[in-house]
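Asker: A structural model of the following input is requested.
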Amino acid sequence: MSSPKVLFGFHAVGVRLKTAPASIIEIYFDPTRRDARMKQFLDRAKEAGARLIEGDSLRIAKLAGSHGHQGVAARVNPVEQARSLDDLLDQLEQGEGIAPLLLVLDGVTDPHNLGACLRVADGAGAQAVIAPKDHACGINATVAKVASGAAETTPYFMVTNLARTLNELKERNIWIIGTSDDAPKTIYQVDLKGPVALVLGAEGPGMRQLTRKTCDELVSIPMRGAVESLNVSVASAVCLYEALRQRS
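Answerer: Predicted coordinates:
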């Protein structure tokens, strides 16, 4: 069994309370914080039968590895998700009328950006986020905090060879759409209603050349002002929510 991990912040711990309360080992909270938000959180934790432990802000910061814990941190057991991308895709193929919507991140190494991308992916209904092992950050407490619970609900797969994985997605009839500033079409001019994997690179360098060549199609996000590009999490939101709009 995997080792316990730490979640911190109201959103991250709150989502775990909602989705998998039995996985919570214990919750540490700052008793000096007596505002309505803390009271509501503690009421929910008690209803869920979670073990509550008082701890000062410094102790919670040490546990969380961050001072942005909002007075709440929890030790939790990992929640079972699809063990592999293949398992997830097999499940989707067996489902009824569920067209895969995947987010692929190439070169996103900042945990804050990853956390924000996971949050967007969860909100738009993407079934997974995929990244290469050698050009990405893993899930840590900062990612979980920024993701506001989405790190618990959105599978995140780190693959050894991203180009090979994209080709395997093609074999499953998933259309690979990459984003590029110089693409002739915009995200609003392509059909996103079918099985789609949206590929975004890090702000600045963008996708690596091999990743770009592996895409079936490239699209751009219209930029009308002086700014040349968007943060990757904002770009992910634009693309994923356009797919959601078309599918709705």
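Asker: At which residues are the strands of this protein located?
Answerer: 5-8, 24-29, 52-54, 72-76, 101-106, 128-132, 156-159, 175-179, 185-186, 196-201, 217-220 (DSSP state E).
Asker: Select, out of these, the one closest to residue 168.
Answerer: strand 156-159 (9.2 Å; Cβ to Cβ). Just so you know, the C-beta spots here come from the backbone N, C-alpha and C atoms, and that holds for glycine as well.
Asker: buried ones in stretch 175-186?
Answerer: 175, 176, 177, 178, 179, 180, 183 (16 or more other Cβ atoms under 10 Å).
Asker: can you check stretch 32-43 too?
Answerer: 38, 41, 42.
Asker: Now do the same contact list for the first one.
Answerer: What it means is residue 38. Residue 38 is in contact with 29, 30, 71, 72, counting by Cβ atoms under 8 Å, 6 or more residues apart in numbering.
Asker: And it, how close does it get to residue 144?
Answerer: From residue 38 across to residue 144, the span is 19 Å (Cβ to Cβ, to the nearest Å).
Asker: Next: the second one.
Answerer: Residue 41 sits at a distance of 16 Å from residue 144 (criterion: Cβ to Cβ).
Asker: quick one: furthest residue from the center of this protein?
Answerer: No residue in the chain sits farther from the centre than residue 32, which is 32.0 Å out by Cα atoms, centre = their mean.
Asker: pLDDT wise, what is that one at?
Answerer: Looking at residue 32, its pLDDT reads 94.
Asker: which secondary structure elements does the helix ranked longest in the chain contact?
Answerer: Across the chain, the helix with the greatest residue count (assigned by DSSP state H) is helix 232-247. Helices and strands touching helix 232-247, by 3 or more Cβ pairs under 8 Å, 6 or more residues apart in numbering; DSSP states H and E, are strand 101-106, helix 111-124, strand 196-201.
Asker: Name the residues of stretch 137-154 that are buried.
Answerer: Those would be 137, 139-154, for stretch 137-154 by 16+ other Cβ under 10 Å.
Asker: Any regions of the protein where pLDDT drops low?
Answerer: 1-2, 80-82, 95-97 (pLDDT under 70).
Asker: The same query, at a cut-off of 80, please.
Answerer: Judged by pLDDT under 80, the chain has its weakly predicted residues at 1-2, 19, 79-83, 94-98, 135, 203-205, 228.
Asker: Domain ranges for it, per the record?
Answerer: Taking automatic domain parsing as the criterion, the chain consists of the domains 5-76, 85-247.
Asker: Would you enumerate the residues in contact with residue 240?
Answerer: Here residue 240 is in contact with 101, 103, 120, 121, 123, 124, 126, 198 (criterion: Cβ under 8 Å, 6+ apart).
Asker: Can you name the residues that contact the second one?
Answerer: When you say that, I think you mean residue 103. 117, 120, 121, 126, 128, 129, 130, 197, 198, 200, 236, 240.
Asker: Could you check how far it is from residue 189?
Answerer: The value you get for residue 103 to residue 189, if Cβ to Cβ is used, is 20 Å.
Asker: same thing with the fourth one?
Answerer: Noted for residue 121: a distance of 23 Å to residue 189, by Cβ to Cβ.
Asker: So the two - more neighbours on which side?
Answerer: Each of residue 121 and residue 189 has its neighbours counted (other Cβ atoms under 10 Å); residue 121 has more, 28 against 10.
Asker: Just to check, that one is in contact with residue 237?
Answerer: No. Look at residue 121 against residue 237 with Cβ atoms under 8 Å: they stay out of range, at 9.2 Å.
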